[in-house]
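[1] Predicted structure and sequence below. I'll ask about it afterward.
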Amino acid sequence: MKLDKTMAHVNFFMRAFTIFLVLVIISGMSSAATKVLFYETGKTSSAYRIDTDYSKFKEALKDKGYSVSKIELDLSRSALESRDPDVLVIVDLKGSLSADEMAAIFEFVMQKGKSLFICGGTSSANQLTIPFGMTIDTGMLEDESSPIYESSSGKYISDKSKFVVSRFNRQNQDIRTVLQGVNSLAFFGGYGISVSGSAEGVAFGDYDTYSPKSLIFTKGTQPPVAAEAMVGNGLVFLLSDADMLANPNLDTSKYNYDNLKFGTNIIDWLASSKYRPLRDTSIDNLTMAIAQLHIQVEELNNTINNQNEQIKKLNAQIASLTSDKEKLALRVIELESQTDPIMHIKYDTWVIIGIIFAIFFVGIVMATRTRKSKPKENDEIAGFGYELEGEESFEGAEAEFLSDEEIRKQIGAPSERS
């Protein structure tokens, strides 16, 4: 009887100790906060920084217990190992990543079992997304019947590139964490996502969501705007609109949508990869190597296309210069045909020379006439004490005048004497 009681006490203490160990392990796991690292360099848009326009998203993650930081250096194996993040976030990638950065990210996800969140889809991000089975289209999406309602103004936004997303992949139980508590999203502009392989769409546009400039996402295709992939030991999530998580669009007084909830859910889902057991990734490594080769081929093709365009431009410039040269040659011939064949002086020059001689001749004639009309220096004007032309004196000139008495006699006027 005593033995049974003793065994019962032992079993009780064993259970209690087991529960205690489990609680210690769980508390230890929870105390080691999940690390979220934002990649912020010149290769990403400066409009989305965790200290500025992404600060609300950062604070929401910190409120959930995440450790949020940023890296402003190029990614490398050593950089990722030293910071040891669980989730790497790249927002609105604009520039091309180096081969070392690509290798570090692929190893981080596939072999280390970590997670990657690519937020904001541009063509530059395809270098990362294509190997994971997700390709970002180049045509901006539009929607004709699901405008965003702005609570503060009481009006709907007329811009068709901004619309409400309310179609989700709820059949996939692996991503139920992402969609928990999410009913509708405000989409502020982005591109459709083509998925292949193990990648799946998460959020979709309606039947009338399409891209006018896309051959893939026409009306009725319901283009995905968010997608996920389980690659190797890690997880990858792609959201094509970076503005969905920007501060102005998380203002609850302005927009009544689940964008912030969706963003934190994405991080929750990505963080779960740290609890997944690692597996052999040799096949995935081969797949990734092939995918990288495809990317390199695509880059080479783009380089060839760019060079061909430059060659076309240069050929056009050469043709234009050749045409100008021919025109100049014809002009030279035309000018040569206008010259005197004997003295090789242009006819225009002869005309100018003739005009100069004519002006010179007229000047001589005018000067001669002016000289003749001037009195000589030794001549004086009669009646004013100046000598007249010739040898006539003043007295001789005076003799030619009648006296006053003689003039009176001629006109019958009385003389002064009478």
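    That came in fine, so what should we check first?
[2] Low-confidence regions, this structure specifically.
    Counting by pLDDT under 70, the ranges of the chain that qualify are 1-32, 276-302, 335-348, 350, 371-418.
[3] And the residue nearest the centre of the chain, how close does it get to Thr41?
    Residue closest to the average C-alpha location in the chain (Cα atoms, centre = their mean): Lys94, at 9.7 Å. As judged by Cβ to Cβ, to the nearest Å, Lys94 and Thr41 stand 10 Å apart. Every residue, glycine included, has its C-beta placed from N, CA and C.
[4] all strands for the stretch 151-300 of the chain, in order.
    155-156, 163-165, 167-168, 185-187, 191-195, 200-204, 209-210, 224-231, 234-239 (DSSP state E, counting those that start in this stretch).
[5] and Gly363, which of the ones you listed is closest to it?
    Comparing these against Gly363 with Cβ to Cβ, the closest turns out to be strand 191-195 (82.8 Å).
[6] Buried residues, that closest one. List them.
    Buried residues in strand 191-195, counted by 16 or more other Cβ atoms under 10 Å: Tyr191, Gly192, Ile193, Ser194, Val195.
[7] What residues does the second one make contact with?
    With contact set as Cβ atoms under 8 Å, 6 or more residues apart in numbering, Gly192 has these partners: 136-137, 139, 141, 205, 211, 214, 216-217, 221, 223-225, 240.
[8] Tabulate those in TSV, adding columns for distance to Thr252.
    Output for the contacts of Gly192, formatted as TSV (distance: Cβ to Cβ, whole Å):
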residue	distance to Thr252
Ile136	29
Asp137	31
Gly139	31
Leu141	25
Gly205	24
Ser211	30
Ser214	33
Ile216	35
Phe217	31
Thr221	32
Pro223	28
Pro224	26
Val225	22
Ser240	23
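[9] Show the buried residues in these.
    136-137, 139, 141, 205, 211, 214, 217, 221, 223-225, 240.
[10] Out of those, the closest to Arg49 would be?
    When the buried ones among the contacts of Gly192 are compared against Arg49 (criterion: Cβ to Cβ), the nearest one is Ser240, at 19.6 Å.
[11] and the closest one, what are its phi and psi?
    phi -80, psi -10 (degrees, to the nearest 10).
[12] want to throw the strands of the stretch 151-300 of the chain into a markdown table with distance to Ala99?
    Below are the strands of the stretch 151-300 of the chain laid out as a markdown table (distance: least, Cβ to Cβ, whole Å):
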| stretch | distance to Ala99 |
| --- | --- |
| strand 155-156 | 47 |
| strand 163-165 | 35 |
| strand 167-168 | 36 |
| strand 185-187 | 33 |
| strand 191-195 | 25 |
| strand 200-204 | 29 |
| strand 209-210 | 36 |
| strand 224-231 | 19 |
| strand 234-239 | 19 |
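[13] so which of those gets nearest Gln307?
    Using Cβ to Cβ, the strands of the stretch 151-300 of the chain put strand 191-195 closest to Gln307, at 26.7 Å.
[14] Who are the contact partners of the nearest residue to Ala242 once chain neighbours are set aside?
    Spatial nearest neighbour of Ala242, excluding adjacent residues (Cβ to Cβ, 6 or more residues apart in numbering): Gly120 at 2.9 Å. Listed by Cβ under 8 Å, 6+ apart, the contact partners of Gly120 are Ser45, Tyr48, Val91, Asp92, Leu93, Gly190, Leu239, Ser240, Asp241, Ala242, Asp243.
[15] before we move on, back to that, and which of the buried residues of strand 191-195 is nearest to Arg176?
    Val195 (18.5 Å).
[16] Relative to Val225, how far out is the closest one?
    Relative to Val225, and taking Cβ to Cβ, Val195 is found at 12 Å.
[17] ditto for Thr368
    Distance from Thr368 to Val225, by Cβ to Cβ: 99 Å.
[18] Chain neighbours aside, what residue packs nearest to Thr129?
    Leu238 (5.6 Å).
[19] before we move on, the earlier item: got TSV for the buried ones among the contacts of Gly192, with distance to Ile71 too?
    Formatted as TSV, the buried ones among the contacts of Gly192 follow (distance: Cβ to Cβ, whole Å):
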residue	distance to Ile71
Ile136	23
Asp137	29
Gly139	32
Leu141	31
Gly205	33
Ser211	33
Ser214	34
Phe217	34
Thr221	37
Pro223	32
Pro224	29
Val225	27
Ser240	23
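[20] With respect to Phe361, which of those is nearest?
    Using Cβ to Cβ, the buried ones among the contacts of Gly192 come closest to Phe361 at Gly139, 80.3 Å.
[21] isn't that closest one right up against Ser211?
    Yes: the criterion here is Cβ atoms under 8 Å, and Gly139 meets it with Ser211 at 3.3 Å.
[22] ok, back up a step: for ChimeraX, write a command that selects the buried ones of the contacts of Gly120.
    Command for ChimeraX that selects the buried part of these, burial taken from 16+ other Cβ under 10 Å:
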select :45,48,91,92,93,190,239,240,241,242,243
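[23] Where do the domain boundaries of this protein fall?
    Following automatic domain parsing, the chain resolves into domains at 33-279, 377-418.
[24] The first one: how far from the chain's middle?
    Using Cα atoms, centre = their mean, to the nearest Å, the mean C-alpha position of domain 33-279 is found 21 Å from that of the whole chain.
[25] Helices along the chain, start to end?
    Ranges of helices in the chain, per DSSP state H, are 2-31, 55-63, 77-83, 99-106, 126-129, 176-179, 259-271, 282-337, 347-373, 394-399, 404-411.
[26] Which strands or helices does the fifth one pack on?
    The helices and strands touching helix 126-129, judged by 3 or more Cβ pairs under 8 Å, 6 or more residues apart in numbering; DSSP states H and E, are helix 99-106, strand 115-119, strand 134-140.
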